[in-house]
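Engineer: coordinates for the following, if possible.
(one chain, ligands or ions: 1)
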Amino acid sequence: MSAQNIVLGANQYGKAEVRLVRITRDAPRHQIEDLSVTSQLRGDFADAHLTGDNAHVVATDTQKNTVYAFAKDGVGTPEEFLLRLGSHFVDSFDWVDGGRWAAEKYQWDRIEVGGQGHDHSFVKAGTETRTAVVTIDKGKPTVISGLQDLSVLKSTGSEFTGYPKDQYTTLKETTDRILATSVTSRWRYNTLDVDYDKSFDDVRRTMLEAFATTHSLALQQSLFEMGKQVLAAHEEIDEIKFSMPNLHHFLVDLSPFELENPNEVFYAADRPYGLIEATVQREGAADAGRAWEGIAGFC
Ligand SMILES: O=c1[nH]c(=O)c2[nH]c(=O)[nH]c2[nH]1
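Structural biologist: Prediction:
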């Protein structure tokens, strides 16, 4: 068999999973659009594969930038957004004769505060899990309830300033940022005389309300406020633990495309993330014994 018989078959390329969050903030009641977008081009890309000539290769980085730049005008339905993107690439480059554009859109609901949907605090639909652990130690049962992956986001009402700056600090202070986290929490009851469904629902509601209504100076402060309000409202709980990633949203620099970006278009990074963990407890409460043994992921 000779190498002459080896030819390039079907090919496509692009940027996968461009994490885009767009906040529409022209009124106090913000709107959020959260998508993962994949752009792949098809056409005459033979030379790139056969000889390394990139003259036809619209860089995947350019495809990513195009996604963010197009989001500046608003996203709308994923279908229309993808059609806009696809037409742009096919119309702009002669050798691009098609492609594949795909999106996942994540649904966010407004956090309910006092029976009303909050203006700029959101909870992601359908990601969370309720958890429970029971231990019996020296005849004494203890119940620890919890939840994980409760994803929440505030599109304003969050700042981060006043931290020490050393030779390695590049982070800029901000008085208006997106604050997003996925709450994992467990709380320990001090009694078995509990309506567990009712208590769970109220703990969850209290956490969400505290997250929504706290003007956050740091995720640490939001965490403590959430725990404090849960313990204040629930005498049957002695201790609550949180593990909360700080899911960073970076403002996309659209200035190379002569577009302004006043806190509208964000790159939602999945890693690395800050990881904020703490226990909030009732002073002088009875010792937990071995109740937390084997429950990983908290401090
Ligand atoms: O809320 C925050 N807490 C931090 O400890 C921290 N560190 C950081 O870089 N950003 C933030 N944000």
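
Engineer: in the stretch 1-150 of the chain, which residue sits closest to the ligand?
Structural biologist: Ser121 (15.7 Å; CB to the nearest ligand atom). All C-beta atoms are positioned from the backbone trio N, CA, C, and that covers glycine.

Engineer: buried ones in the host helix or strand of that residue?
Structural biologist: Using DSSP states H and E, Ser121 maps to strand 116-124. For strand 116-124, the neighbour count (16 or more other CB atoms under 10 Å) marks His118, Asp119, His120, Ser121, Phe122, Val123, Lys124 as buried.

Engineer: try stretch 148-160
Structural biologist: For stretch 148-160, using 16+ other CB under 10 Å, the buried residues are Gln148, Leu150, Ser151, Val152, Leu153, Lys154, Ser155, Thr156, Gly157, Ser158, Glu159, Phe160.

Engineer: and the closest residue to Met207 other than its chain neighbours, backbone torsions?
Structural biologist: Nearest residue to Met207 in three dimensions, chain neighbours excluded: Met226, at 4.7 Å (CB to CB, 6 or more residues apart in numbering). Backbone torsions for Met226, taken as degrees, to the nearest 10, come to phi -60, psi -50.

Engineer: burial of Met226, as a residue count?
Structural biologist: Close neighbours of Met226, defined as other CB atoms under 10 Å, add up to 25.

Engineer: A strand includes Ser87, no?
Structural biologist: No. Under DSSP: H, G, I helix; E, B strand; the rest coil, Ser87 sits outside any strand and is assigned helix.

Engineer: spit out the contact partners of it.
Structural biologist: If a contact means CB atoms under 8 Å, 6 or more residues apart in numbering, then Ser87 has no contacts.

Engineer: pull out the buried residues from the lengthiest helix in the chain.
Structural biologist: In the chain, with assignment by DSSP state H, the single longest helix is helix 196-213. Under the neighbour-count criterion of 16+ other CB under 10 Å, helix 196-213 has Ser199, Phe200, Val203, Arg204, Thr206, Met207, Leu208, Glu209, Ala210, Phe211, Ala212, Thr213 buried.

Engineer: right, I'll leave it there.
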